[in-house]
Every structure is written in structure tokens, then in C-alpha cells.
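Q: build me a model from this:
(one chain, ligands or ions: 2)
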Amino acid sequence: MSAMHVVVMGVAGCGKSAVGRRMAAQLGLPLIEGDDFHPPRNIHKMEQGVPLTDRDRAGWLQALGAKLAQHPAGAVLTCSALKRAYRDTLRAAVPELRFVHLAITPAESLRRVAGRDGHFYPPSLVASQFEALQDPAEEPGVLALDATASLEELALKAVQWLKAEFNNA
Ligand SMILES: Nc1ncnc2c1ncn2[C@@H]1O[C@H](COP(=O)(O)OP(=O)(O)OP(=O)(O)O)[C@@H](O)[C@H]1O
Ligand SMILES: O=C(O)[C@H](O)[C@@H](O)[C@H](O)[C@H](O)CO
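A: Ligands and ions are numbered 1, 2, ... in the order given. The predicted model follows:
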């Protein structure tokens with residue numbers, strides 16, 4: 001099987017972790033949880049209800065690119081990757097990088113984030129995620145899915161698409 005690197009992206013609450021976990025299991029690839037690599041400063045900012053800036057995210061994105069490159073056989077990365085420049089930073093780290101965008105409305109994102117217990121991310125920051133989001137639809141190597149489908153369906157569609165993209169169907 002050829003190397004398969006994929007980022008599961010989107011705003012807070014879109015299901016990156018839940019879908020990414022299923023995809024990694026089905027593909028037999030390691031899962032890299034992007035949120036685990038935010039420096040403590042970034043987590044503290046978000047907990048305080050302050051949106052991250054490009055500068056806050058720059059080192060984190062570099063670290064995530066390096067993490068992807070540490071898995072030459074492939075990996076699934078969960079990362080918000082909200083802006084084109086952020087995605088390009090990740091693309092520069094590994095060739096043939098694909099993105100699965102879990103697209104969601106602000107209302108549904110807010111509902112999910114508000115209903116999530118024990119997570120550092122506050123509902124007050126959801127609006128800022130949509131302000132930052134640059135839709136990746138026109139970029140190459142991107143699959144957009146309606147994030148309100150079932151987790152099983154989302155993972156299945158993403159895995160089928162990736163296998164076709166990498167000629168492993
Ligand atoms: N397709 C879905 N159908 C129903 N519930 C979902 C779906 N996707 C995610 N959820 C639920 O919504 C909440 C947010 O999901 P999750 O934490 O995976 O999103 P995320 O914010 O993108 O990930 P993370 O913040 O951990 O990077 C969780 O409670 C999850 O179980
Ligand atoms: O770039 C960002 O603003 C962050 O990565 C957020 O998207 C959150 O960490 C995540 O989604 C938590 O739910």
C-alpha cells in the first residue's frame with residue numbers, strides 16, 4: 001500500500017476526533033490528535049476564551065507537519081486547519097496530502113461544543129472558528145462531507161475516497 005497521509009479538518013465540534021479515530025482504525029494507520037500538540041500557552045488562551053492568532057498557530061502547524069513526516073507509511077491527523085495557509089504548511093511537510101473537511105453549520109457546532117463535558121474549548125469561541133475558516137472546496141485533494149451524517153457513514157465515505165485517491169480500492 002502506498003503512503004497515505006490525511007488531515008481530518010474543520011471547526012470545533014465538527015467531529016475531527018470521532019471520525020479520525022474510526023478512519024485510522026479502518027485504514028490501519030496511526031492517529032495524530034492535533035490538539036495534543038498545542039503548546040500550553042495556546043490551550044490556556046482558548047480556555048480563557050481568546051481566539052488563536054496566525055502567530056499562535058504557526059509553531060503548532062510546523063510541529064504537526066513534522067509529526068506527519070515521522071510516519072512515512074502514512075497517518076491520520078486531526079487538525080482544524082482552518083485557513084489555506086495553514087493547510088499549505090501541512091502540505092509542505094508531506095507529499096500528496098489529502099484533507100477531509102467535516103462541514104458543519106455554526107448552530108450545530110455550537111450545540112456540540114456546548115454539550116461536550118470536560119473539554120478545554122469554550123462555546124464562546126465557536127463564532128471565531130467560522131470567522132477564520134476559509135473553505136477548502138476549491139483546493140486539490142479535498143473531500144467535503146456533511147458532518148451531520150452518522151460517524152459510521154462519514155468514516156466509510158472518507159476511507160472509500162482515500163482508497164480511490166491512492167489507487168488502493
Ligand atoms: N457525526 C456525528 N454525529 C453525532 N455526533 C457527533 C458526530 N461527530 C461528532 N459528534 C459528537 O460531537 C462532539 C464533538 O466531536 P469531536 O470532539 O470529535 O469534534 P472536534 O471538536 O472536531 O474534535 P476535537 O476538538 O477533539 O479536535 C462529540 O461529543 C462527538 O461525539
Ligand atoms: O485552530 C484552532 O482554533 C484550534 O485548533 C481549535 O479548532 C480547537 O483546538 C479544536 O477544534 C477544539 O475543539
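Q: which single residue of the protein ends up nearest ligand 1?
A: Gly15 (2.8 Å; Cβ to the nearest ligand atom). C-beta here means a position set from N, CA and C on the backbone, and glycine is covered the same way.
Q: next, count neighbours for that residue.
A: 23 (other Cβ atoms under 10 Å).
Q: likewise Ala18?
A: Count around Ala18 with other Cβ under 10 Å applied: 16.
Q: does it touch Leu151 like I think?
A: Yes - using Cβ atoms under 8 Å, Ala18 is in contact with Leu151, at 5.4 Å.
Q: quick one: average confidence on stretch 103-118?
A: For stretch 103-118, mean pLDDT is 94.
Q: repeat for stretch 151-161
A: For stretch 151-161, mean pLDDT rounds to 98.
Q: and that stretch, how far from the chain's centre?
A: 15 Å (Cα atoms, centre = their mean, to the nearest Å).
Q: say whether ligand 1 is contacted by that stretch.
A: Yes - with Cβ under 6 Å from any ligand atom as the criterion, ligand 1 is reached by stretch 151-161 at 151, 154.
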